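> here is my input, please return the structure:
(2 chains)
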Amino acid sequence: MTMEKKCSAKDLILNGILFENPVFVLVLGTCPTLAVSTTLLGAISMGLAAMVVLMCSNAVISLLRKVIPDTVRIPCYIVVIAAFVTLVQMIMHAYLPDLYELLGIYLALITVNCIILGRAEMYANKNSVGKSVLDGLGMGLGFTVALALMATVREVLGSATFFGIAIPFLEPFKIAFLQQAPGGFFVFGLMIALTSFVTKGKYPKKKSFSCEGCPSAAVCKSHGACECASADEKKGDEA
Amino acid sequence: MMANLLKSKYTKSVIVLAVICLISALLLAVVNFVTAPVIEAAEKEATNKALREVRADANDFTALDLTAHTDLDASVTEGYSDDLGGYVFKLSTTGFNPGLVILVGIDENGVVRGAKCLASGETLGAEKTYGESTVGADLGTIDTVATVSGVTKTTLAYRNAVKAALEAAKIIGEKGE
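I've put the predicted structure just below:
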């Protein structure tokens, strides 16, 4: 079975922002999402830093996809991702020290953010450099938008400020609970529900291991002969 | 056997991983070479800014090597000399609660110009009053500074720490640093 689904740049980017939003749909990168979404400035900074790392690591991993042996692919990906995260850290520490202090430990933790490694494994190591960079851009923008939305709710309703600027008329009504971890989870849940409502029917609801659910379906030449397809057949036989 | 080893997929894995690590390290070294001086300058300015809070007249500060001065009080943890001949000391002591950290600025005449509590176990805001009462004191008058009622033990520890800073300034000043 040959898949000829073509992904345009617009599709790739929109996929990352909405239909396969890494935070609200794929539920990846939850730790930094909850930790830095207390202020809008921190949220956007984290999102953009993660986006830069995602684009660069996707590009390099895609470039090296035919060189890296399967046995060491994860260590190689981690080295590449960690190198880019360290680069971003050093550049922020030198030229944006206030943002560097604001993000703190969560900047270094981008290395182990599931979104980065997940996209490297699921997309970048199977697709061209151009498409991998666009996928990184889409996922990065999706992460940034998700963080920014959560931060807007938590900062405005939780601290009565927006981007650090006080909103005086909201001061008596602020809900301090939203600035804390339980409030973060509460807003997170609401955002997932809202995303589900907006995208209903337009994203895979059931995880499929067949060619249909594979992100590399458009470029795959295995025609269903790969491991995932045979695993799916086995599942069908057992059923 | 050597040929088999070289053709082995494990050899290729090791070589690829090693090359990726080497290239990453090289790239990081280059960026570090560029950014390290900028980071160092920014950190020095941040330290100077913090020190100027207790020594507003001075602009530049140089860290002192306190290990050479064994006669200083044990509470003195860090020391800086400024460009006007004064000093700033960081002290760590115990009041009612442990972890009382104070920054004291002393001018070239041995007079306290600023004192700030960096950390304490007290009620937030109470430590502001401790520093204000010691400004203008020197070694001769520091013992006359009154403690704050209600937090007597801590303000006494605070006063003793400022006194230790004044003594340190005298000792180091006499040695010409």
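
> what's the burial count for residue B:29?
9 (other CB atoms under 10 Å in any protein chain shown). (Each C-beta comes from the backbone N, C-alpha and C, glycine too.)

> and it, helix, strand or coil?
helix (DSSP: H, G, I helix; E, B strand; the rest coil).

> how near is it to residue A:53?
Look at residue B:29 and residue A:53: by CB to CB, to the nearest Å, they are 19 Å apart.

> again, but for residue B:35
Relative to residue A:53, residue B:35 is positioned 17 Å away (CB to CB).

> mind checking which of these two has more residues around it?
Of the pair residue B:35 and residue A:53, residue A:53 is the one with more neighbours under other CB under 10 Å, namely 27 against 19.

> just give the nearest non-adjacent residue to residue B:79, would you?
Setting aside the residues directly before and after it, residue B:79 is nearest to residue B:64 in space (CB to CB, 6 or more residues apart in numbering or on different chains), at 4.0 Å.

> show me the contacts for that neighbour.
B:79, B:80, B:81, B:87, B:172, B:177 (CB atoms under 8 Å, 6 or more residues apart in numbering or on different chains).

> quick check on it: phi, psi?
In terms of degrees, to the nearest 10, the main-chain angles of residue B:64 are phi -100, psi 150.

> confidence-wise, which of the contacts of residue B:64 comes last?
Within these, the minimum per-residue pLDDT falls on residue B:177 (68).

> contacts for stretch A:137-150?
Residues outside stretch A:137-150 that contact it (CB under 8 Å, 6+ apart): A:12-18, A:20-24, A:29, A:32-33, A:36-37, A:40, A:43-44, A:46-48, A:50-52, A:54-55, A:115, A:119, A:184, A:187-188, A:191.

> give me the buried subset of these.
For these, a burial check counting by 16 or more other CB atoms under 10 Å in any protein chain shown picks out A:12-13, A:15-18, A:20-24, A:29, A:32-33, A:36-37, A:40, A:43-44, A:46-48, A:50-52, A:54-55, A:115, A:119, A:184, A:187-188, A:191.

> so which residues on chain B come close to chain A?
Those residues of chain B that sit near chain A, judged by CB under 8 Å from any CB of the partner chain, are B:9-10, B:12-14, B:16-17, B:20-21, B:24, B:27-28, B:31-32, B:34-35, B:38-39, B:42, B:46.

> buried members of these into PyMOL, please.
Entered in PyMOL, the line below selects the buried ones among the residues of chain B next to chain A, by 16+ other CB under 10 Å:
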select buried, chain B and resi 12+13+16+17+20+24+28+31+35+39+42
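
> filter the residues of chain B next to chain A down to the ones in helices?
The subset of those located in helices under the criterion DSSP state H comprises B:9-10, B:12-14, B:16-17, B:20-21, B:24, B:27-28, B:31-32, B:34-35, B:38-39, B:42, B:46.

> which residues does the residue most central in space within chain B contact?
Within chain B, the residue whose C-alpha comes closest to the C-alpha centroid is residue B:78; the distance, by CA atoms, centre = their mean, is 5.4 Å. Residue B:78 makes contact with B:63, B:66, B:89, B:90 under the criterion CB under 8 Å, 6+ apart.

> surely the second one and residue B:72 touch.
Read that as residue B:66. Yes. Checked against CB atoms under 8 Å, the pair residue B:66 and residue B:72 is within contact range at 6.3 Å.

> who's more crowded, these two?
Just comparing residue B:66 and residue B:72: by other CB under 10 Å the higher neighbour count belongs to residue B:72, 19 against 15.

> can you list the residues of chain A near chain B?
That would be A:64, A:67-69, A:71-72, A:75-76, A:79-80, A:82-83, A:86-87, A:90-91, A:93-95, A:97, which are the residues of chain A within reach of chain B (CB under 8 Å from any CB).

> rerun at 10 Å
A:60, A:64, A:67-73, A:75-77, A:79-84, A:86-95, A:97, A:100-101 (CB under 10 Å from any CB of the partner chain).

> sorry, back to before: let's see which of the buried ones among the contacts of stretch A:137-150 end up in helices.
Checked against DSSP H, the buried ones among the contacts of stretch A:137-150 include these in helices: A:12-13, A:32-33, A:36, A:40, A:43-44, A:46-48, A:50-52, A:54-55, A:115, A:119, A:184, A:187-188, A:191.

> could you measure from residue A:161 over to chain B?
When CB to the nearest CB, to the nearest Å is applied, the distance between residue A:161 and chain B equals 20 Å.

> tell me the spatial nearest neighbour of that residue, not counting adjacent residues.
Nearest-residue entry for residue A:161: residue A:155, 5.8 Å, with adjacent residues in sequence omitted and distances by CB to CB, 6+ apart.

> name the element that neighbour belongs to?
In this assignment (DSSP states H and E), residue A:155 forms part of helix A:129-159.

> just checking, what packs against the helix or strand just after that helix?
Following helix A:129-159 in sequence order, the next helix or strand is strand A:161-162 (DSSP H and E). With contacts defined as 3 or more CB pairs under 10 Å, 6 or more residues apart in numbering or on different chains; DSSP states H and E, the secondary structure elements packing on strand A:161-162 are helix A:129-159.

> any weak-confidence spans in chain A?
Counting by pLDDT under 70, chain A shows low-confidence ranges at A:1-7, A:201-239.

> what about residue 136, how many residues nearby?
If you meant another chain, say so; for now it's chain A. 30.

> wait, chain B was what I had in mind.
Applying other CB under 10 Å, we find 11 other residues in the vicinity of residue B:136.

> for it, grab phi and psi.
In terms of degrees, to the nearest 10, the main-chain angles of residue B:136 are phi 90, psi -10.

> so what's it up against?
B:111, B:112, B:113, B:145 (CB atoms under 10 Å, 6 or more residues apart in numbering or on different chains).

> the third one touches residue B:162, doesn't it?
No. The pair residue B:113 and residue B:162 does not pass the contact test of CB atoms under 10 Å, sitting 11.4 Å apart.

> shared neighbours, these two?
The contact sets of residue B:113 and residue B:162 overlap at B:104, B:106, B:135 (CB under 10 Å, 6+ apart).

> return the residues in contact with the first one.
With CB under 10 Å, 6+ apart as the criterion, the residues that contact residue B:104 are B:54-55, B:76, B:87-91, B:112-116, B:131, B:134-135, B:158, B:161-166, B:168-169.
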